[in-house]
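>>> Give me coordinates for this.
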Amino acid sequence: MLWDFHFNLPTSIEFGKGKVKNIGKRAKELGGNKALIITDKGLAQTGILDKITQSLDQEGVNYIVYDEISPNPKDVDCESAYQKFKNENIDLLIGLGGGSSMDTAKAIGTLLTHGGELRKRYGVNLLEREIPPLICIPTTSGTGSEVTRGSVITDTVTKQKEAILDLKIAPKLALVDPELTVTLPKSITAATGMDALTHAIEAYTCKVAQPLSDALGLYSIELIAKYLPLAVENGHDLEARKNMLLGSLVAGIAFDNTDLGAVHAMAEPLGGLYDTPHGVANSIFLPHVFEYNIPSNPEKHAMVAIKLGANPEGKTIEETAYEGVVLLKELANKIGIPSFRDLSNVNPEDFPFLAEGAFKHLCTQANSRDLTKEDYLNLFQKTYEEKTTTLIES
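You can find the predicted model right below:
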């Protein structure tokens, strides 16, 4: 654990039922005269978008709705949106939806203030100017993008996911309203919830973990382990939805102040190549990477296992830690996460390419245990050999 550390929380957070109704007032406070709302077509057809536009109308804030977002946002789509809106005098951005919408909002904001191609902005702290003020409104309990300084975009040339990491793209405000998540389908609830759990576990176990993020990570793990199955079982269980949204938010703050690890290093090349939903990819690799990492820090992995529900009585630290592997697999199976082999477009011949991408990924450096390219290849193969699971209904 790092005892010399720096902790950032540049985003103001409003959490609770009905908070989305405040967006008109908050938009004006941020100096917004013309907002660009970035969302997807599904949300654009729901009453959620209406709540936002009505609030903006009441405060006299003009807006344009851009609803061309798709999962795993691509560079060409962000650049197309920039070309469409660059002369519209946009002075406020609103990201409504899951991580794809919020990450796209950050990318469009980057282009609005810097111009050019998006790939020239990939990297850490490379931006020269802040993007227009950004308000993020999550409708899933997964990415934590409403409180992070990262935007993950698929590069259509390299087929890899790339990231812009800079405080200059961090949201100014997160309006976090659990009522917006109650209609989320079971399969998306499961996948995004496991994404948040991965964030919490990797933030807690990675090499650059620090005291504040450790506290947040453990709290998030405990919340998600308890409430994710309940939220999947009954989406209208507002108590479960509230705690899942809180777990996701807390995990986002944790990993934004530390780093992630090999689970993300494997999941992002998979998403870049096959367009696999990010939460599903994380879920698939999490137990296997967790098991691989245990020797690097048995105590921390045992603590994760305890937060997942393991009973340490009469067991060694290592035995408790390895029980965490079983619990992660049981959780994924219970909520209907598919196995690697269940993904119809996966080709084992691509594993060397995926291993190469994982090894080069920035998260590899922070992973709890060092990995070689061969280690990644072995993990891809081992995960693929895992037996299949039964899928839940959407």
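>>> which residue ranges form the helices in the stretch 251-394 of the chain?
Assigned by DSSP state H, counting those that start in this stretch, the stretch 251-394 of the chain shows helices spanning 262-274, 278-293, 298-308, 317-334, 351-360, 373-384.
>>> So if we follow the domain assignment, how does this structure break up?
The record's domain parsing of the chain by automatic domain parsing lists 12-181, 186-384.
>>> And those domains: which comes nearest residue 4?
domain 186-384 (8.6 Å; Cβ to Cβ). In short, each C-beta sits where N, CA and C put it, glycine included.
>>> rewinding a little: output the helices of the stretch 251-394 of the chain in a markdown table, with mean neighbour count, mean pLDDT and distance to residue 50 appended to each entry.
Shown next, in a markdown table, are the helices of the stretch 251-394 of the chain (neighbours: other Cβ atoms under 10 Å; pLDDT from 0 to 100; distance: least, Cβ to Cβ, whole Å):
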| stretch | mean neighbour count | mean pLDDT | distance to residue 50 |
| --- | --- | --- | --- |
| helix 262-274 | 26 | 96 | 31 |
| helix 278-293 | 25 | 97 | 27 |
| helix 298-308 | 22 | 98 | 39 |
| helix 317-334 | 19 | 97 | 35 |
| helix 351-360 | 19 | 97 | 41 |
| helix 373-384 | 18 | 98 | 42 |
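>>> of all these, which lies closest to residue 222?
Set against residue 222 and scored by Cβ to Cβ, the helices of the stretch 251-394 of the chain come closest in helix 298-308, at 4.7 Å.
>>> The closest one versus helix 317-334: what angle between them?
40 degrees (axes from the mean of the first three to the mean of the last three Cα atoms, to 10 degrees).
>>> My guess is residue 200 contacts residue 253. True?
No - contact criterion Cβ atoms under 8 Å: residue 200 and residue 253 do not qualify, at 10.2 Å.
>>> any residues in contact with both of the two?
The contact sets of residue 200 and residue 253 overlap at residue 216 (Cβ atoms under 8 Å, 6 or more residues apart in numbering).
>>> Would you format the domains of the chain as CSV with distance to residue 6 included?
As requested, the domains of the chain are arranged in CSV below (distance: least, Cβ to Cβ, whole Å):
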stretch, distance to residue 6
domain 12-181, 11
domain 186-384, 8
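>>> Can you check which of the ones you listed gets nearest to residue 5?
domain 186-384 (3.8 Å).
>>> how long is the closest one end to end?
Terminal residues of domain 186-384 lie 24 Å apart, using Cα to Cα, to the nearest Å.
>>> One more: stretch 121-131?
Per Cα to Cα, stretch 121-131 runs 13 Å from first to last residue.
>>> got a list of contacts for that stretch?
When contacts are defined by Cβ under 8 Å, 6+ apart, stretch 121-131 is touched by residues 93, 106, 109-110, 112-114, 153, 155, 162-169, 362.
>>> Residue 330 versus residue 309, what's the distance?
Residue 309 sits 9 Å away from residue 330, going by Cβ to Cβ, to the nearest Å.
>>> again, but for residue 191
Going from residue 191 to residue 330 by Cβ to Cβ gives 17 Å.
>>> Output the top helix by length along the chain as PDB, restricted to C-alpha atoms.
Longest helix of the chain, by residue count under DSSP state H: helix 211-233. Provided in PDB are the C-alpha atoms of helix 211-233 (Å, rounded to 0.1, in the frame of the first residue of the first chain):
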ATOM      1  CA  PRO A 211      -5.500   4.000   2.300                       C
ATOM      2  CA  LEU A 212      -8.500   6.000   1.100                       C
ATOM      3  CA  SER A 213      -9.100   3.900  -2.000                       C
ATOM      4  CA  ASP A 214      -8.800   0.700   0.100                       C
ATOM      5  CA  ALA A 215     -11.600   1.800   2.400                       C
ATOM      6  CA  LEU A 216     -13.800   2.700  -0.600                       C
ATOM      7  CA  GLY A 217     -13.000  -0.500  -2.400                       C
ATOM      8  CA  LEU A 218     -13.900  -2.800   0.500                       C
ATOM      9  CA  TYR A 219     -17.100  -0.900   1.100                       C
ATOM     10  CA  SER A 220     -18.000  -1.300  -2.500                       C
ATOM     11  CA  ILE A 221     -17.300  -5.000  -2.600                       C
ATOM     12  CA  GLU A 222     -19.500  -5.600   0.400                       C
ATOM     13  CA  LEU A 223     -22.400  -3.600  -1.100                       C
ATOM     14  CA  ILE A 224     -22.200  -5.300  -4.500                       C
ATOM     15  CA  ALA A 225     -21.900  -8.800  -3.100                       C
ATOM     16  CA  LYS A 226     -25.000  -8.300  -1.000                       C
ATOM     17  CA  TYR A 227     -27.200  -6.400  -3.400                       C
ATOM     18  CA  LEU A 228     -26.300  -7.400  -6.900                       C
ATOM     19  CA  PRO A 229     -28.200 -10.700  -6.800                       C
ATOM     20  CA  LEU A 230     -31.200  -8.900  -5.400                       C
ATOM     21  CA  ALA A 231     -31.100  -6.200  -8.100                       C
ATOM     22  CA  VAL A 232     -30.900  -8.900 -10.800                       C
ATOM     23  CA  GLU A 233     -33.800 -10.900  -9.200                       C
END
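>>> Now do the buried residues in it.
By neighbour count on 16 or more other Cβ atoms under 10 Å, the buried set for helix 211-233 is 213-214, 216-229, 231-232.
>>> picking that back up, buried among the contacts of stretch 121-131? Need that as a selection in ChimeraX.
In ChimeraX syntax, the buried subset of these is picked out as below (16+ other Cβ under 10 Å):
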select :93,106,109,110,112,114,153,155,162,163,164,165,166,168,169,362
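>>> This completes my enquiry, with thanks.
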